[in-house]
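Asks: what would the 3D arrangement of this be:
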Amino acid sequence: MRRTFHGLCIELDGDPTALAGAAELLGALPGGAGLADLKLHLRASSPVPRPPGARAFYHGVVDAFLHGRDVLLWDGASLARVCEGGRVIEVEVAAESLREGHIFAHVFLLIAVVVALRWRSIFHVHAGALVAPDGRGVLVAGGAGAGKSTLTLSLLEAGCDYLGDDAVFVRAAGAAVVLALPRAFHVAPRTAEAFPRIAALLGTLLPAGEKRRLDARVAWPGRERMTMALPEVILLPMVEGGPVTHVEPVSAAEALGALIESSTYVVIEGLPGAMDHLEALEQIANGARAYRVGLGQDLLERPVVTARRVLEST
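Replies: Numbers count the residues shown, from 1 in each chain. Take a look at the predicted model:
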């Protein structure tokens, strides 16, 4: 199986059962041909013991260890080795990991791909990315519970195009550009209540939590974007719960701090591309107008009207 990620050919091979997880993560990418830039090998394995040495970082169920210039990822049962240079990812897949297939695909394997892409100066950012009707690129950055998804869906219903609701990449080599990773949106019940049209399109429940999948290509046909130039507007949402959503400008320094929080790998010693990653975030923060958006009840009661007012305020 081969897939193309913005000009990079990703080759997937190995045990069919293990490959299902990779297909869930990368299945929406177009098919690829030619020489592979990144090879992802997955083979069935018995549970793998914890790698030796100190943990370099962790994310949810995944612990990471540095082994020379390789990066080892371990979820308590399976082990992924991201080899130096980011051209090969070797994954020993235990059946225990596949019991939580969504987490295996969208956490364990995604982190492995994220680390491998760093050698190519392609960096993950935990944010939504949209293109406004007037052509401006918009980045919506915030942590869990900040209201990022609700604001992103409101902007989509107000006429924006989209790259993603929760995760995009920034390619720093040459002219910096934002890259989409096509995958389903994840919509919480509280957010769905504000969008009856979208609620009717929700798919299956995710294994962990209450969120449901949403195929954005069905919800907003023809509005998918694969790339955009660096954003002209950065929105930093925060749920406040008052009656009215308000928008206030913030400094480039505050925007950079928020982007670093949304790109935690930039501060991990030993991972490749740390300076390039930081410079890319600085370029985004310095080249855009940034705003703190205090989300009020009007975003849930009148999402389209409120989202348009947010755009007009920026």
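
Asks: ok, the closest residue to residue 246 other than its chain neighbours to residue 237 distance?
Replies: Spatial nearest neighbour of residue 246, chain neighbours left out: residue 294 (4.8 Å); criterion: CB to CB, 6 or more residues apart in numbering. Just so you know, the C-beta spots here come from the backbone N, C-alpha and C atoms, and that holds for glycine as well. Using CB to CB, to the nearest Å, one gets 8 Å for the distance from residue 294 to residue 237.

Asks: so for these two, which residue has more residues nearby?
Replies: residue 237 (25 against 19; other CB atoms under 10 Å).

Asks: got a list of what the more buried one touches?
Replies: 140, 142, 146-148, 150-151, 293, 295 (CB atoms under 8 Å, 6 or more residues apart in numbering).

Asks: so which strand or helix has it?
Replies: With elements taken from DSSP states H and E, the one containing residue 237 is strand 233-239.

Asks: parallel or antiparallel, which strands does that strand pair with?
Replies: strand 137-141 (parallel), strand 289-295 (parallel) (DSSP bridges).

Asks: any idea which of those strands is most buried?
Replies: strand 137-141 (a mean of 26; mean count of other CB atoms under 10 Å).

Asks: distance between it and the chain's centre?
Replies: 13 Å (CA atoms, centre = their mean, to the nearest Å).

Asks: residues contacting it, please?
Replies: 125-132, 148, 151-152, 155, 160, 168, 178, 228-237, 258-259, 261-262, 284, 288, 311.

Asks: cool, stretch 15-31 as well?
Replies: So stretch 15-31 is in contact with 1-5, 10, 12-13, 40, 42-44, 91, 93, 98, 101-102, 104-106, 108-110, 113, 182-183, going by CB under 8 Å, 6+ apart.

Asks: report the buried members of those.
Replies: By neighbour count, with 16 or more other CB atoms under 10 Å, these hold 2-5, 10, 12, 40, 42, 91, 93, 98, 102, 104-106, 108-110, 113, 182-183 as buried.

Asks: can you flag which of those residues belong to helices?
Replies: 98, 102, 110, 113 (DSSP state H).

Asks: could you list the domains of this protein?
Replies: 2-120, 124-312 (automatic domain parsing).

Asks: tell me how many other residues surround residue 22.
Replies: Using other CB under 10 Å: residue 22 sits among 26 other residues.

Asks: tell me the SS of it?
Replies: Three-state assignment for residue 22 (DSSP: H, G, I helix; E, B strand; the rest coil): helix.

Asks: and it, how far from residue 31?
Replies: Taking CB to CB, one finds residue 22 at 14 Å from residue 31.

Asks: mean pLDDT added to the domains of the chain, as JSON lines?
Replies: What follows is these, written out as JSON lines (pLDDT from 0 to 100):
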{"stretch": "domain 2-120", "mean pLDDT": "92"}
{"stretch": "domain 124-312", "mean pLDDT": "92"}
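
Asks: so the longest helix along the chain versus strand 137-141, what angle?
Replies: As assigned by DSSP H, the longest helix anywhere in the chain is helix 274-287. For helix 274-287 against strand 137-141, the angle by axes from the mean of the first three to the mean of the last three CA atoms, to 10 degrees is 120 degrees.

Asks: other SSEs contacting helix 274-287?
Replies: strand 122-125, strand 168-171, helix 252-261 (3 or more CB pairs under 8 Å, 6 or more residues apart in numbering; DSSP states H and E).

Asks: hang on, the earlier thing: just send the strands paired with strand 233-239 back as CSV, with distance to residue 267 too.
Replies: CSV is the format used below for these (distance: least, CB to CB, whole Å):
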stretch, distance to residue 267
strand 137-141, 16
strand 289-295, 20
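
Asks: among the ones you listed, which is nearest residue 272?
Replies: Among the strands paired with strand 233-239, strand 137-141 comes nearest to residue 272, with 23.0 Å by CB to CB.

Asks: helix or strand right after the closest one?
Replies: helix 148-157.

Asks: who touches that following helix?
Replies: So helix 148-157 is contacted by 127-128, 130, 132, 138, 140-142, 162, 165-166, 185-188, 190-191, 194-195, 197-198, 216, 219-220, 223, 235, 237, 293, 295, 299-300, 303-304, 306-307, 310-311 (CB under 8 Å, 6+ apart).
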